[in-house]
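Trainee: The following comprises the amino acid sequence and a computationally predicted model.
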Amino acid sequence: MKKLLFLLPFTLFVACDNVGKYAEAITSVAGEWDGATEAVTGLLGNITTAQGGITEMLGGMNISEELQGSLAADVLGQLTGFKDQVTNQGTALSGILEQVNAFKGQWEEKGQALQGLKDGLSAGKLPEDVEGTISGLKEMIATGTSKVGEWGPQVEGAQSGAKSAFDQFTSLLASVTAGE
């Protein structure tokens, strides 16, 4: 028993040294993770805002039956086409949102692994395969950054496409109803 007590300080020193060995890497990846999380969360906010804008636009694109009956068929067709374009951009945003939400689930799962590392660092006892976990987190950060870079322009494109079609709709509608 006395021999085992003699080894206790050595064991604690080795365990603490192991934690110290990874402290900088864990802190670094946690900082990178926080930045990438902000980008993913910001993208979700942008999508929600864009969807709200498209819903608002569609609400302003209703044509009364009376007005529909007084418009030339080609004008009505153009107006309907513009409204369809706005609807299609909303559908595109919904598709992007589905992809982002699926990715967010993976992101949150990896976030739990990061929290495990941070908790282990605080407690002085790290979980198994610290290097593998850090490597996996770095890969996820790179993937997240890449995907935000891919989805961001798609969201902006859907927003600008919807805005353009809405503007054309309102302009055409104003020109054909100006004499009424």
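Mentor: Noted; the coordinates are in hand. Residues are numbered from 1 along each chain as shown.
Trainee: ok, T133 - contacts?
Mentor: A113, L114, G116, L117, P127 (CB atoms under 8 Å, 6 or more residues apart in numbering). Quick note: C-beta positions are derived from backbone N, CA and C, even for glycine.
Trainee: One more: A25?
Mentor: Neighbouring residues of A25 by CB under 8 Å, 6+ apart: I134.
Trainee: Can you tell me the SS state at it?
Mentor: Three-state call for A25 (DSSP: H, G, I helix; E, B strand; the rest coil): helix.
Trainee: quick one: it and W107, what's the gap?
Mentor: Per CB to CB, to the nearest Å, A25 is found 20 Å from W107.
Trainee: re earlier: sort out for me which of the contacts of T133 are in helices.
Mentor: Cross-referencing the contacts of T133 against helices under DSSP state H gives A113, L114, G116, L117.
Trainee: how deep is the second one tucked in, by neighbour count?
Mentor: Look at L114: counted by other CB atoms under 10 Å, it has 22 neighbours.
Trainee: returning to that earlier point: buried only: go through the ones in helices among the contacts of T133 for me.
Mentor: Buried by 16 or more other CB atoms under 10 Å: A113, L114, L117, out of these.
Trainee: Check what pLDDT the second one gets.
Mentor: In this prediction, L114 carries a pLDDT score of 95.
Trainee: I figured it hits E32, correct?
Mentor: No - counting by CB atoms under 8 Å, L114 stays clear of E32, with 10.0 Å between them.
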